[in-house]
Structure formats: structure tokens, C-alpha cells
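Visitor: Attaching a predicted model along with its sequence, questions to come.
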Amino acid sequence: MSARRLAPALVVSLFALLLPGAPRAEEKSGKVKIAVLNVRALGNVVKKTGKDNSTIEVMKTSDGGEIALSGIATLVTAQLAKDPKLDVISSKDIESMVGFERQKELLGCGDASCLVEIGGALGRDYLVASEIAEVGSTYLLSMSLVSVTKAKAAGRLTKRVQFVAQVADTMTAATQELLELARKRELEDPRKRDKKVAILDVKAGGIEANKVQGLASLVASEVAGRADTLVTTGEDIRALIGFERQRTALGCEEASCLAEIGGALGVDFIITTEVSKIGDEWVLALSMVDIKKAQATNRTAARVRRAELLVDHTISGVKELFFELNVDTNKSTGRYIQKTETNVWGWSLLTTGVVVAGTGTVVLNALAVPRNAEANATGLEPEEQNTIQNEAVTLLAIGFTLVGAGGATAIIGALDLLLHGSSAERLEFIPTSGADVPAAGASLRIPLP
């Protein structure tokens, strides 16, 4: 450990032992000890002066909004403190022990070993690390519960919201969900998670890295959500091979280079993510490298016009990377072909709606209106005029009903096409002679940009 990293840990340890009321490692209260770290923001972070003349960090969003990072950390701490089984210490408590500048130096590090140093010095069992990232018009809120003794995340999740006003409520709910997720993980049989996967940081091309770096946490959360995987993130990798070497490693794209890193980490697969800006388009590329084979087992790419669509394609891309691993190769052999499938439901509703509305328009213009004009003509007998008037009213009712129903159906169809796309790509398994089609996961729908 370097002297620069050792000094902060010693300072924390000293204050943790001497400060009255500070948590101590040897205390046996029966409660799980958790420390809530400052929220990490990937974006435009500025310093502002609060009402009490204190300095606070605020994340400025592209739509002119502001997110007070200390406020989010306070919400997370308050939510955890509601659980009587937890002994919670916040970043403000740490600040009071070690001083603002020293605390910033401590909490400024994000890798697993640095977090473990802080947690160990403060006698904590777990650390809660949070991250807020803005990708286009979407906000990604990521949380992880890091075990100090195991130096790895006991649980992690990522939520997405569209508006700044949703951040506070979402983080509060995510905190409780993270606890429940971690508790379920503790009861799992660790042997079921037989695939060890490392998630490297996002490689950005032609854009600022912090605009897309939040996708790495999203990939990690999606992979960690699988029942058969153990995840190591870029933060964990830095703890093992150092920041500079990882940055160099990310520059190599050969499978053999990544396989060397994966071998050192003891993982089976490495997932890399690359986002580039080419003209008006965003290009997302995901790849999975099999360490034992030293080759890429699967790749996926997407081109989108809006940055926020990268989130959807990242989620579907992770599923596609793992698709072939879900196939039982002992029972089925064959190949996959990519097919384009039309959104039949959306187009059917839109077409039917247009036809019905058009029919209603014809009934109104060609039948109801002339019949109504005929009913208002002079020289008719009262009985004959009433008959024609009734027919006109009936035709008007039919016409307006058809126009209304058709218009509503067409709108539903248009919305379905807008939300799910006019078509989708599908991976179809074609078995060889005598092979069986997999019972589950035989196809995967991937939305087109």
C-alpha cells in the first residue's frame, strides 16, 4: 500500500478509536455496521455555498436542474437507519471525525480496496456506495453494498429515471431494495454462481467519458441480476492491477490481451463496453471475451440517434451477450440466424383504425350529411320528413362512432409502434439434423434504433 493511501486510513483509524461515541471494531452490539459514503456523480459537479455557509457539491444537469449530492446521501442514511438491525454511520459522521479535506481524499477513491480500508478503519461490516450518472435525458442511479471482509459487492442495482424530481424518491426506494437483495444473496448457495464475470469501464470515443461511464454500473447490475454470475467491476479491477495499468489494458482490444487480465483476476469472462459519437449517431458496442478460449464469444452493436437510447440497448445487449451461454450445448447443436420481425400488433391496430375512421368519414360525408340536408328540404310531408330525419340521425351516430373508434384504435397502434418499434431483430436457433430446439430462450428480441 502506498504512503499516500496508508496515511488517510491511519487517520480514520485513529479518530475511530479515540473519538467518543465513534464506532469501534471490537464492539459487539449484534447490529450490522454500515457506513454510507458520499454520492459519486458522473457529470458536471460544482461547489456551492449553503445557507449555513458550508460548501456543498451539486451536480448540474443538462436541463438546468441541480442534484445536491449530500442530500441524496442523507436520504440513503435515513432510510438505512430505520432498520433496527443496522448501525449506520454517514459521510457527515466521517467528516466530523477526520475533517472535510481528509474525508474528501478518503471518499474520493472508488475502488474496492480503498473502500475496504475506510470500512475496516471505522469498524464497519459493509459500505454503501452510490453513483448518479446522466446519459442523454436519462438519469442512472446505481448503488452497491460492499462487504468489508470479502472486499466485494454483496449486492448492486441500477435504477433509471427521466426527471430530477424522481431522484430522491427513487434512491430511497432503491436503498431498501438493495438491503433485501443483499439478504437474499446471503442465503444463496454460492456454487450456483459458477460464471465469474469482470466488467471493464466504458471506453469513450470522441466524447467525454463521464457522459457514458454510468453505463458500466448498468452493465454490472444487469449481469449481477443473473442467478449464475459473480461480478467484478472496473473499481474492483483497479484494486488488483492499478489504475494506470487498467487504463492501458482498456486500450488493447485483442482477446489475448483481455484474457491475460482475466486470468489475473480469476474470472471466466470479461465484458467490455465502448461508446462512440459519429456525426449525429451514438454507437454502442459490447463484447464478451472467454478467458479460457482467449477469444470473443459474442459481440453486439447498436446505432442510435439519442443518447438516452443507449440505456435500452445496453440492457438488451447484455442479454444478447449471455444468450448463447444459456443454450445447453450437450443437447442441441446448430446455428443462429438473425431475422427481422415486423411489429404486427402495432401495424394491425394502426391500419384497422385508419380504415374504420375512413369508413366513418365516408358515412358522414356521403350518406349522413346529404340525408340530413334532404330532411331539411321544403315541400315534404311531416311524416316523410320525420322518417328522413331519423335516418339522418342514425347515419350521423354511426359515422361519428366509426370515426371515434377508428381514431382511438389508430392512436393505440401508433403508440405501440413508437414504444416498441416498427420491427425488431430476432435471433433464431436452427438445429442441425437430429438436434432439438432449446426448450427455453430460443429467441431474443432486440429493439432496433
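Guide: Okay, I see it.
Visitor: which non-adjacent residue is nearest Asp280?
Guide: Arg305 (6.4 Å; CB to CB, 6 or more residues apart in numbering). Where you see a C-beta, it was placed from the backbone N, CA and C, and this is true even at glycine.
Visitor: Ile278 versus that neighbour, what's the distance?
Guide: 11 Å (CB to CB, to the nearest Å).
Visitor: Leu364 touches Phe400, doesn't it?
Guide: Yes - the pair Leu364 / Phe400 is scored as a contact, 7.1 Å apart, by CB atoms under 8 Å.
Visitor: Between those two, point out the one with more neighbours.
Guide: Leu364 (18 against 14; other CB atoms under 10 Å).
Visitor: got the phi/psi numbers for the more buried one?
Guide: Here is the backbone geometry of Leu364 (degrees, to the nearest 10): phi -70, psi -50.
Visitor: The protein: helices as residue ranges?
Guide: Using DSSP state H, the helices of the chain run over 3-18, 69-81, 91-98, 100-107, 112-121, 167-186, 214-224, 234-241, 243-251, 255-265, 309-323, 344-362, 369-375, 382-420.
Visitor: where does the protein dip in pLDDT?
Guide: Low-confidence segments of the chain (pLDDT under 70): 1-29, 50-53, 91, 94-122, 151, 234-265, 324-341, 378-379, 420, 423-449.
Visitor: domain ranges for the chain?
Guide: Split into domains by automatic domain parsing, the chain comes to 1-187, 192-326, 334-342+422-447, 344-420.
Visitor: Give me the buried stretch members for stretch 356-368, please.
Guide: Neighbour-count burial for stretch 356-368 flags Val356, Ala357, Gly360, Val363, Leu364, Leu367, Ala368 (criterion: 16 or more other CB atoms under 10 Å).
Visitor: err, stretch 380-398, not the other one
Guide: For stretch 380-398, using 16+ other CB under 10 Å, the buried residues are Gln385, Ile388, Gln389, Glu391, Ala392, Leu395, Leu396, Ile398.
Visitor: Just give me the closest of those residues to Ile89.
Guide: Ile398 (71.5 Å; CB to CB).
Visitor: can you tell me how far the closest one sits from Val369?
Guide: 13 Å.
Visitor: Repeat that for Ser62.
Guide: Ser62 is 52 Å from Val369, by CB to CB.
Visitor: Over to Glu188?
Guide: For Glu188, the distance to Val369 equals 70 Å [CB to CB].
Visitor: Which one's more surrounded, the two?
Guide: The neighbour count for Glu188 versus Val369, taken as other CB under 10 Å, is higher for Val369 (15 against 10).
Visitor: picking up where we left off before, okay, among the buried residues of stretch 380-398, which ones form the most distant pair?
Guide: Gln385 and Ile398 (20.5 Å).
Visitor: okay, how far is it across stretch 222-232, tip to tip?
Guide: The first residue of stretch 222-232 is 13 Å away from its last residue (CA to CA, to the nearest Å).
Visitor: buried residues in that stretch?
Guide: Glu222, Val223, Ala224, Arg226, Thr229, Leu230, Val231, Thr232.
Visitor: Can you tell me which of these is nearest Leu418?
Guide: Glu222 (24.5 Å).
Visitor: From Thr233, how far off is the closest residue to Val231 other than its chain neighbours?
Guide: Leaving aside its sequence neighbours, Val231 sits nearest to Ala224 (CB to CB, 6+ apart; 4.5 Å). Distance, Ala224 to Thr233, using CB to CB: 9 Å.
Visitor: Residues that sit against both of the two, list them.
Guide: The contact sets of Ala224 and Thr233 overlap at Ala153 (CB atoms under 8 Å, 6 or more residues apart in numbering).
Visitor: Skipping adjacent residues, who's closest to Ser147 in space?
Guide: Closest to Ser147 by CB to CB, 6+ apart is Ala154, at 4.8 Å.
Visitor: from memory the one you found sits against Leu127, does it?
Guide: No - counting by CB under 8 Å, Ala154 does not reach Leu127; the two are 10.1 Å apart.
Visitor: Could you tell me which residues touch both of those two?
Guide: Joint contacts of Ala154 and Leu127 (CB under 8 Å, 6+ apart) are Leu145, Val146.
Visitor: mind pulling up the phi and psi values for the residue lying closest to Ser137 once chain neighbours are set aside?
Guide: Of all residues not flanking Ser137 in the chain, Glu308 sits nearest, at 4.7 Å (CB to CB, 6+ apart). Backbone torsions for Glu308, taken as degrees, to the nearest 10, come to phi -60, psi -20.
Visitor: got a list of what Glu308 touches?
Guide: Neighbours of Glu308 in contact, by CB under 8 Å, 6+ apart: Val135, Gly136, Ser137, Thr138.
Visitor: Would you mind giving those residues as CSV with neighbour count added?
Guide: Formatted as CSV, those follow (neighbours: other CB atoms under 10 Å):
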residue, neighbour count
Val135, 24
Gly136, 16
Ser137, 14
Thr138, 19
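Visitor: what's the most distant pair in the residues you listed?
Guide: So, these by CB to CB: farthest apart are Val135 and Ser137, at 8.4 Å.
Visitor: beta partners for Lys203?
Guide: Taking DSSP bridges as the rule, Lys203 bridges to Glu274.
Visitor: picking that back up, restricted to strands, list the contacts of Glu308.
Guide: Counting by DSSP state E, those place Val135, Thr138 in strands.
Visitor: closest to Thr272 among the contacts of Glu308?
Guide: When the contacts of Glu308 are compared against Thr272 (criterion: CB to CB), the nearest one is Val135, at 17.7 Å.
Visitor: check contacts around that closest one.
Guide: By CB under 8 Å, 6+ apart, the neighbours of Val135 are Lys211, Val212, Gly214, Leu215, Ala307, Glu308, Leu310, Val311.
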